[in-house]
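Asker: Sequence and predicted model, in that order:
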Amino acid sequence: MAGTARIIQWWLGHEDREKATEQGHWIWFFGEPGWSDNLENLFWKSLRECYLEEEFRLAFQVTKPLWFALWMDSPLKGSRCSILAALLCDFLPIVEESIEECLSTTEELNDYYRLVTTLERCAESGEPFYVNIGANGHADLGWDTTFPRCPRCKAQVIDKYPPNERVPCQVCGFFFIPAETGSRTRMPRPSL
Ligand SMILES: [Zn+2]
């Protein structure tokens, strides 16, 4: 399975993650736009089978891939937490399968359980669930690179873009200047 690993960070208690009372994360290979029509179909199938499609469309902005819609607003509250918990619960067999294919430990599965149970808890209590998708990038040959990404849904920009020009995000439609969202910086030299 090809794709990109992205980290979903979540926390409770305070808008500022540094002041969170509880936090966790989950990493999954889900791919960037254009990666998996199959995954996209499975999301919609889950929503239909859980009778959540209408509720989902009212509560979330629909993106393509749908994946990004789940995490683009923070904090999530009330019904959005319960819709997301139900969807992720229905998705559990697919996550288990992806872990068998891609990952060497079941730690990610425990992270997933914790994510779902925390969402369920927030849905009941009304507590805000703060969430963020970590940036895509890599560190190599002394350079730390962050790829350009949409500031709204956090999808990576994969198409060519004109410098200093606003373009619509291919996933959510938000207009932004891609060049302003990526960076490449020299990593500090390790002291000998
Ligand atoms: Zn976007």
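Answerer: On my side now, so go ahead. Numbering: from 1, shown residues only.
Asker: Now do the strands in this structure.
Answerer: Ranges of strands in the chain, per DSSP state E, are 5-12, 22-29, 130-133, 137-140, 143-146, 167-168, 175-176, 183-186.
Asker: Using JSON lines, please lay out these together with mean neighbour count.
Answerer: In short, each C-beta sits where N, CA and C put it, glycine included. Compiled in JSON lines, the strands of the chain are given as follows (neighbours: other CB atoms under 10 Å):
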{"stretch": "strand 5-12", "mean neighbour count": "19"}
{"stretch": "strand 22-29", "mean neighbour count": "17"}
{"stretch": "strand 130-133", "mean neighbour count": "19"}
{"stretch": "strand 137-140", "mean neighbour count": "11"}
{"stretch": "strand 143-146", "mean neighbour count": "14"}
{"stretch": "strand 167-168", "mean neighbour count": "14"}
{"stretch": "strand 175-176", "mean neighbour count": "14"}
{"stretch": "strand 183-186", "mean neighbour count": "10"}
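Asker: which bits of this protein sit near the ion?
Answerer: For the chain, the residues found near the ion under the criterion CB under 5 Å from the ion are 150, 152-153, 169, 171-172, 174.
Asker: hmm, which of those are the buried ones?
Answerer: Buried residues within these, counting neighbours by 16 or more other CB atoms under 10 Å: 150, 152-153, 169, 171-172, 174.
Asker: about what we covered before: which one among the residues of the chain next to the ion gets closest to residue 82?
Answerer: Set against residue 82, the nearest of the residues of the chain next to the ion by CB to CB is residue 153 (21.6 Å).
Asker: Helices of the protein, start to end?
Answerer: All helices of the chain, identified by DSSP state H, fall at 37-49, 53-59, 79-90, 92-102, 107-125.
Asker: could I have the longest one exported to CSV, CA atoms only?
Answerer: This means helix 107-125. Presented in CSV, the C-alpha positions along helix 107-125 are these (Å, rounded to 0.1, in the frame of the first residue of the first chain):
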residue,chain,number,x,y,z
GLU,A,107,0.7,0.6,19.1
GLU,A,108,-1.1,2.5,16.4
LEU,A,109,-4.2,0.4,17.0
ASN,A,110,-4.2,1.3,20.7
ASP,A,111,-3.8,5.0,19.7
TYR,A,112,-6.8,4.5,17.4
TYR,A,113,-8.9,3.0,20.2
ARG,A,114,-8.0,5.9,22.5
LEU,A,115,-8.9,8.4,19.8
VAL,A,116,-12.4,6.8,19.3
THR,A,117,-13.1,6.4,23.1
THR,A,118,-12.0,10.0,23.7
LEU,A,119,-14.3,11.3,20.9
GLU,A,120,-17.2,9.3,22.4
ARG,A,121,-16.5,10.8,25.8
CYS,A,122,-16.4,14.3,24.4
ALA,A,123,-19.7,13.6,22.5
GLU,A,124,-21.4,12.8,25.8
SER,A,125,-19.8,15.5,28.0
